[in-house]
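Undergrad: make a model of this:
(one chain, ligands or ions: 1)
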Amino acid sequence: MNHKRHIKAVIIVLLIVSILSSCNFISVKDNNIHPPEEDEHIELNVEDKEEQIEQEPPRSLNISVVGDIMLHGPQIRSAKQSDGSYDFKPVFSEVKSYLEGSDLTLANFETTISTPEKGYSGYPMFKTPESILEALKYAGFDVLTTANNHCLDNFIFGLENTLNKFDEYGFLHTGTSRSPEEQDKVLIVDKNGIKVAILAYTYGANGMEGSVDQSKLQYMVNFIDEEKISNDIQKAKAEGADVIIACMHWGVEYVRQPNDEQKALADKLFADGVDIIFGSHPHVIQPMERRRITTNEGKEKDGFIIYSLGNFVSNQRDRYQDSGVIINLEVIKDGDNISIGKIGYTPTWVRKYTDNGNIKYEILPVAKFMDGQLKGNENERIKSVWNETTGLIGIEDFEPVK
Ligand SMILES: [Zn+2]
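TA: Numbering: from 1, shown residues only. Here you go, the predicted model:
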């Protein structure tokens, strides 16, 4: 009896242990699948989603922009390879990461694309090998504006060939046109659910206007003409643009402040409905401002202007002309309301140096190269560029990228 009792007791103990451990096992496993916090989280998410569907979440779009892309004779010779081809990619490799991540990256393309037969040259008649477009693709550019004083440097051929090559390489473009129909069409980019209209105008074309039949010139180059600009703004609005960017080739060369003409035109463009103005041509940086605008229609909204973005790349070596800036700007759409969010800027400097007897160019993000990594007096120059650029733009209203 004692023996049987003992066996019974052992069996009961074993059973209890087994039940307890299996309970524990189930409960641990269960916990792993549905921890209480996760249950709550999932429910919250579902509620969030339902709310979002009703209200539409705010959308945002990051825009990057740089100033003049110019290619002088020494830059073309520097890019020439031993097999006769041209490679401009190394010029952009240090700034690529500041450009390629944006939803929309713009530049002023201040030259024309030529062919081996027509030849290549720098100032005053800019004619550039088409491989520059490979480099600009590699750097992350999406939109190239062509309304500038060098667009007719290689006559009608240059203007048309440039646009043909842009199409071939997949760049969006505005500012010059191959037909009246092309000029009539406003460039609207629809990204992240935000429609951005991009307009571009130039003060002139270095007297090359005379080389083109007047009837053609009217549609080939977007000149600054207040009536035309107003019409284009209305067209952009009618086509549902949420944001209107005007790229203005204007101002006085080498002057670091906007003149009265730029200021008056900026006020007019904002009143007409432009949200953002990117200026170029002075070859030096001019200041930027956030604004609160009241349009002619009585609507209040955000505005942003940089009067001049400076040279992004060129062979101009004088103080201020060797410097540029990358602007990064966030556009937010919340329902029907458009606002301008964060605005940051990256000061850039064009480094020209000799490597194994060859002249090289590279665009450097200034902050990354201020710790003495460069050669001799380059270290002093790049520090001065930081002070010159941040001194002009300021560090309180806008954030310089370090
Ligand atoms: Zn210019």
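Undergrad: can you give me phi and psi for Asn259?
TA: Torsion angles at Asn259 (phi, psi; degrees, to the nearest 10) stand at phi -90, psi 180.
Undergrad: in contact with it, which residues are there?
TA: The neighbours of Asn259, taking CB atoms under 8 Å, 6 or more residues apart in numbering as the test, are 251-252. All C-beta spots, glycine's among them, are computed from the backbone N, C-alpha and C.
Undergrad: state the pLDDT value of the residue nearest to Lys137 when sequence neighbours are not counted.
TA: Leaving aside its sequence neighbours, Lys137 sits nearest to Tyr169 (CB to CB, 6 or more residues apart in numbering; 6.0 Å). You'll see Tyr169 listed with a pLDDT of 98.
Undergrad: what sits against Tyr169?
TA: 133-134, 137.
Undergrad: for Glu388, same thing?
TA: Counting by CB under 8 Å, 6+ apart, Glu388 touches 319-320, 323.
Undergrad: any residue of stretch 304-323 touching the ion?
TA: No: Stretch 304-323 lies apart from the ion when judged by CB under 5 Å from the ion; the minimum separation is 9.9 Å.
Undergrad: helices of the stretch 1-150 of the chain, start to end?
TA: For the stretch 1-150 of the chain, the helices defined by DSSP state H, counting those that start in this stretch cover 2-33, 36-55, 73-79, 89-92, 96-99, 131-139.
Undergrad: mean pLDDT lowest where, among those helices?
TA: Among those, helix 2-33 has the lowest mean pLDDT, at a mean of 46.
Undergrad: how about the residues of this structure that lie near the ion?
TA: Within the chain, the positions near the ion by CB under 5 Å from the ion are 148-149, 281.
Undergrad: most neighbours among those, which one?
TA: Highest neighbour count within these: Asn148, with 30 neighbours (other CB atoms under 10 Å).
Undergrad: residue closest to the middle of this protein?
TA: Ser64 (2.0 Å; CA atoms, centre = their mean).
Undergrad: can you give me the pLDDT of that residue?
TA: Looking at Ser64, its pLDDT is 98.
Undergrad: in the stretch 251-400 of the chain, which residue sits nearest the ion?
TA: His281 (3.9 Å; CB to the ion).
Undergrad: wait, doesn't that residue sit right on Val255?
TA: No: using CB atoms under 8 Å as the test, His281 is too far from Val255 to be in contact (10.5 Å).
Undergrad: and the residue nearest to Lys137, how far from the ion?
TA: Here Tyr169 is placed at a distance of 22 Å from the ion (CB to the ion, to the nearest Å).
Undergrad: who wins for neighbours among the contacts of Tyr169?
TA: Most neighbours among these, by other CB under 10 Å: Leu133, with 22 neighbours.
Undergrad: residues contacting it?
TA: Going by CB under 8 Å, 6+ apart, Leu133 touches 113, 165-166, 169, 171.
Undergrad: how does it look with 7 Å?
TA: Applying CB atoms under 7 Å, 6 or more residues apart in numbering, we find Leu133 in contact with 165, 169.
Undergrad: what of Ile285?
TA: Applying CB under 7 Å, 6+ apart to Ile285 gives the contacts 256, 308-310, 323-325, 389, 392.
Undergrad: from the residues you listed, which has minimum pLDDT?
TA: Leu392 (93).
Undergrad: next, that residue: phi, psi?
TA: phi -80, psi -50.
Undergrad: Pro400 now?
TA: The phi and psi values for Pro400, taken as degrees, to the nearest 10, are phi -70, psi 140.
Undergrad: isn't it right next to Ile343, touching?
TA: No: Pro400 is beyond contact range of Ile343, at 10.9 Å (criterion: CB atoms under 7 Å).
Undergrad: enumerate every residue touching the residue found closest to Asp190 once you drop the neighbours it is linked to in the chain.
TA: Excluding the flanking residues, the one nearest Asp190 by CB to CB, 6+ apart is Val196, at 7.8 Å. Applying CB under 7 Å, 6+ apart, we find Val196 in contact with 104, 188-189, 241, 243, 245.
Undergrad: check these and tell me the two furthest apart.
TA: Maximum pairwise distance in the contacts of Val196, criterion CB to CB, is 13.4 Å, between Leu104 and Ala241.
Undergrad: the more surrounded of those two?
TA: Taking other CB under 10 Å, Leu104 and Ala241 do not tie; Ala241 has more neighbours (25 against 22).
Undergrad: please list the outside residues in contact with stretch 88-99.
TA: Outside of stretch 88-99, the residues within contact range by CB under 7 Å, 6+ apart are 64, 79, 105, 131-132, 135, 138-141, 313, 326, 346, 348, 361-365.
Undergrad: how about it: buried residues?
TA: For stretch 88-99, burial by neighbour count (16 or more other CB atoms under 10 Å) applies to 88-89, 91-92, 94-95, 98-99.
Undergrad: beyond the helix or strand encompassing Thr348, next helix or strand please.
TA: Using DSSP states H and E, the element containing Thr348 is strand 337-355. Moving toward the C-terminus from strand 337-355, the next helix or strand (DSSP H and E) is strand 358-365.
Undergrad: tell me which strands that following strand pairs with, and in which orientation.
TA: Strand 358-365 pairs in its sheet with strand 337-355 (antiparallel), by DSSP bridges.
Undergrad: follow-up on the earlier one: the residue nearest to the centre of the chain contacts Thr105, doesn't it?
TA: Yes: the pair Ser64 / Thr105 is scored as a contact, 4.5 Å apart, by CB under 7 Å.
Undergrad: on that earlier part again, now a PyMOL select for only the buried ones of the contacts of Glu388.
TA: Those of the contacts of Glu388 that count as buried under 16+ other CB under 10 Å are selected in PyMOL with:
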select buried, resi 320+323
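Undergrad: for the contacts of Glu388, which one is nearest Val385?
TA: Nearest to Val385 out of the contacts of Glu388 is Ser323 (CB to CB; 5.1 Å).
Undergrad: pretty sure that closest one is touching Val385, no?
TA: Yes: in this structure, Ser323 is within contact of Val385 by CB under 7 Å, at 5.1 Å.
Undergrad: tell me how far the residue nearest to Asp190 lies from the ion.
TA: Applying CB to the ion to Val196 and the ion gives a distance of 24 Å.
Undergrad: could the residues of the chain next to the ion be laid out in CSV, adding pLDDT?
TA: Output for these, formatted as CSV (pLDDT from 0 to 100):
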residue, pLDDT
Asn148, 98
Asn149, 97
His281, 96
